[in-house]
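K.L.:
Attaching a predicted model along with its sequence, questions to come.
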Amino acid sequence: MSALSNSLNLDSWRALPAAQQPDWPDRAELDKVVAELGGLPPLVFAGECDQLKDQLAAVVRGEAFVLQGGDCAETFAGATADNVRNKLKTLLQMAIVLTYAGKVPVVKIGRLAGQFAKPRSKNTETRAGIELPAYRGDMVNGFDFTPESRIPDPARLLKAYHSSAVTLNLARAFTKGGYADLRQVHAWNQDFVAESPAGRRYEQLAREIDQALAFMRACGADPEEFHSVEYYSSHEALILDYDQALTRVDSRTGLPYDVSAHMVWIGERTRQLDGAHVEFFSRIRNPIGVKLGPTTTPDEALALIDKLNPDNVPGRLTFITRMGASKIREFLPTLVKEVTASGAQIAWICDPMHGNTFEAPSGHKTRRLDDVLDEVAGFFEVHRSLGTHPGGIHIEFTGDDVTECVGGGHEIAEGDLATRYETACDPRLNRGQSLDLAFRVAELYRG
Ligand code: PEP
Ligand code: CO
């Protein structure tokens with residue numbers, strides 16, 4: 001492997017500082033695992049990555065909208081059929097709302113089948129006076145608060161690969177095997193609590209879609225697009241040893257693709273221009289994203305473009321802005337204006353989650369749905385005022401009725417957070433809150 005990767009310079013990142021990497025206790029053990037990963041089959045094909053790139057190019061042109069979402073941190077225990085189905089169901093419902101009410105083609109990308117590693121703002125976690133290494137995602141160490149569990153274990157990289165494989169297999173089966181058929185629009189809503197406001201609103205829309213489908217069938221039209229959906233996987237490529245081990249040279253083009261996911265992104269904490277992540281990403285040919293927080297300067301954004309998309313290929317580079325509801329209207333305009341003036345072909349996506357996290361009095365990390373909605377509204381205002389395309393949203397959600405974010409149709413208060421708080425990292429929107437958001441985005445899009 002190393003001769004090939006040297007020739008393609010996939011090792012170039014190793015000479016640079018790599019933020020947020022685990023402190024593996026046994027380097028030889030890591031090397032063994034990396035060698036094994038290097039021999040395993042790809043999880044996705046380069047051709048599929050190119051297909052997503054083409055769809056993201058349509059987003060750049062203002063002809064489509066991205067819906068990207070899933071857990072903040074997937075867990076190995078969470079890779080069950082029920083879990084994956086519930087997440088897909090929520091995503092499909094949101095996509096239908098956007099397509100039907102927003103009247104725009106939706107590019108569906110999961111934070112799924114690989115989202116197992118987390119950057120942390122603190123290296124350690126302290127509970128009741130005991131300080132241990134922070135949890136860095138199931139790909140690295142264990143969530144349990146014990147010294148043993150928090151030791152980084154390279155065997156977890158292999159487990160992440162296999163867990164990604166079963167998850168992606170399920171996702172492919174659900175989206176291609178009939179479950180995503182438009183005739184299922186009601187079925188996706190069935191187990192939604194009958195009196196749920198978002199569920200009721202959705203049911204009305206599903207009835208309209210039914211009528212439209214019946215009309216089309218009567219006319220003799222039954223297009224293939226109604227029976228399955230294109231669905232793509234993505235994760236933050238944080239642990240570079242893992243993503244490099246899963247990078248393969250595409251036989252069609254001779255170019256390297258990270259075949260652990262269709263799209264990968266660089267996080268807010270690892271987007272240093274002279275850092276290892278940006279260097280590694282500059283070598284792979286997948287469609288990629290970069291998270292941009294409120295401190296990003298236009299010069300930094302332009303330098304990232306130079307490094308990551310020097311040929312200015314539309315669909316190659318997506319900027320995922322995560323400013324915070326109180327900052328987006330102040331900081332986003334200059335960024336978008338200068339990037340647009342440079343002629344760069346960029347898809348702009350709004351992550352309304354990561355700039356809006358706070359700690360509730362109970363100690364739970366949470367977010368207000370109102371702040372999430374407000375950041376999305378600010379995102380649309382800024383892009384509309386500049387004549388640029390609000391290209392999508394990137395969110396953390398789950399298909400279950402968790403109580404991790406406050407607000408929503410079934411008003412969750414700060415005091416309710418303990419009822420069902422299950423996330424391994426950041427607070428996720430539950431199903432009702434996700435649908436509320438989708439309806440709001442569809443209104444903003446149309447408006
Ligand atoms: C995340 O997406 O879970 C995350 C850590 O985001 P960011 O890099 O934007 O903070
Ligand atoms: Co998160």
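P.N.:
In hand now; what should we look at? Ligands and ions are numbered 1, 2, ... in the order given.

K.L.:
In three-state terms, how would residue 349 be classified?
P.N.:
For residue 349, the secondary-structure state derived from DSSP: H, G, I helix; E, B strand; the rest coil is strand.

K.L.:
contacting residues around it?
P.N.:
Taking Cβ atoms under 8 Å, 6 or more residues apart in numbering as the criterion, residue 349 is in contact with 66, 68, 289, 318, 319, 320, 321, 391, 392, 393, 394. From N, CA and C alone the C-beta is placed, and that goes for glycine too.

K.L.:
Would you mind measuring from the residue lying closest to the first one once chain neighbours are set aside to residue 81?
P.N.:
Here the nearest residue to residue 66 in space, its sequence neighbours aside, is residue 392; by Cβ to Cβ, 6 or more residues apart in numbering that works out to 2.7 Å. Relative to residue 81, residue 392 is positioned 28 Å away (Cβ to Cβ, to the nearest Å).

K.L.:
in what helix or strand does residue 66 lie?
P.N.:
Counting by DSSP states H and E, the secondary-structure element that holds residue 66 is strand 65-70.

K.L.:
Can you tell me the strand partners of that strand and which way each runs?
P.N.:
Taking DSSP bridges as the criterion, strand 65-70 forms sheet pairs with strand 106-111 (parallel), strand 392-396 (parallel).

K.L.:
Pipe the ones you listed into JSON lines and attach mean neighbour count per row.
P.N.:
Compiled in JSON lines, these are given as follows (neighbours: other Cβ atoms under 10 Å):
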{"stretch": "strand 106-111", "mean neighbour count": "25"}
{"stretch": "strand 392-396", "mean neighbour count": "26"}
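
K.L.:
Burial check on the closest residue to ligand 1 within the stretch 251-400 of the chain, number of neighbours?
P.N.:
With distances taken as Cβ to the nearest ligand atom, the stretch 251-400 of the chain approaches ligand 1 most closely at residue 267, which sits 3.1 Å away. Other residues within reach of residue 267 by the criterion other Cβ atoms under 10 Å amount to 22.

K.L.:
That one touches residue 239, doesn't it?
P.N.:
No. Counting by Cβ atoms under 8 Å, residue 267 does not reach residue 239; the two are 11.6 Å apart.

K.L.:
can you give me the helices in the stretch 1-150 of the chain?
P.N.:
Listed from the start of the chain, the stretch 1-150 of the chain has helices (DSSP state H, counting those that start in this stretch) covering 2-7, 27-38, 46-60, 81-102.

K.L.:
brain fart, the stretch 151-300 of the chain
P.N.:
Residue ranges of the helices in the stretch 151-300 of the chain, as given by DSSP H, counting those that start in this stretch, are 155-176, 197-218, 240-245, 276-283, 298-308.

K.L.:
Which neighbouring elements make contact with the third one?
P.N.:
I take that to be helix 240-245. Taking 3 or more Cβ pairs under 8 Å, 6 or more residues apart in numbering; DSSP states H and E as contact, the helices and strands that helix 240-245 lies on are helix 27-38, helix 155-176, helix 276-283.

K.L.:
Go ahead and name everything in contact with it.
P.N.:
Counting by Cβ under 8 Å, 6+ apart, the neighbours of helix 240-245 from elsewhere in the structure are 5, 10-11, 13, 18, 21, 30, 34-35, 37-38, 117, 139, 157, 160-161, 237, 258, 260, 264, 276-277, 280.

K.L.:
which regions of this structure lie under the pLDDT threshold?
P.N.:
Along the chain, segments meeting pLDDT under 70 span 1-7, 193-195.

K.L.:
Repeat the analysis, applying 90 as the threshold.
P.N.:
Screening the chain residue by residue with the criterion pLDDT under 90, one finds the ranges 1-8, 186-187, 189-199, 409-410, 447.

K.L.:
Tell me the residues of the stretch 251-400 of the chain that contact ligand 1?
P.N.:
Counting by Cβ under 6 Å from any ligand atom, the positions of the stretch 251-400 of the chain adjacent to ligand 1 are 267, 268, 269, 291, 322, 354.

K.L.:
what's the burial count for the nearest residue to residue 313 once chain neighbours are set aside?
P.N.:
Leaving out its chain neighbours, the residue that sits closest to residue 313 by Cβ to Cβ, 6+ apart is residue 345, at 7.0 Å. The number of residues packed around residue 345, counting by other Cβ under 10 Å, is 19.

K.L.:
hang on, isn't residue 345 packed against residue 314?
P.N.:
Yes. Contact criterion Cβ under 8 Å: residue 345 and residue 314 qualify, at 3.9 Å.

K.L.:
any residues in contact with both of these two?
P.N.:
57, 60.

K.L.:
Disregarding flanking residues, what is the spatial nearest neighbour of the residue most central in space within the chain?
P.N.:
Geometric centre of the chain, nearest residue: residue 111, 3.6 Å, by Cα atoms, centre = their mean. What sits nearest to residue 111 in space, not counting adjacent residues and going by Cβ to Cβ, 6+ apart, is residue 70, at 3.3 Å.
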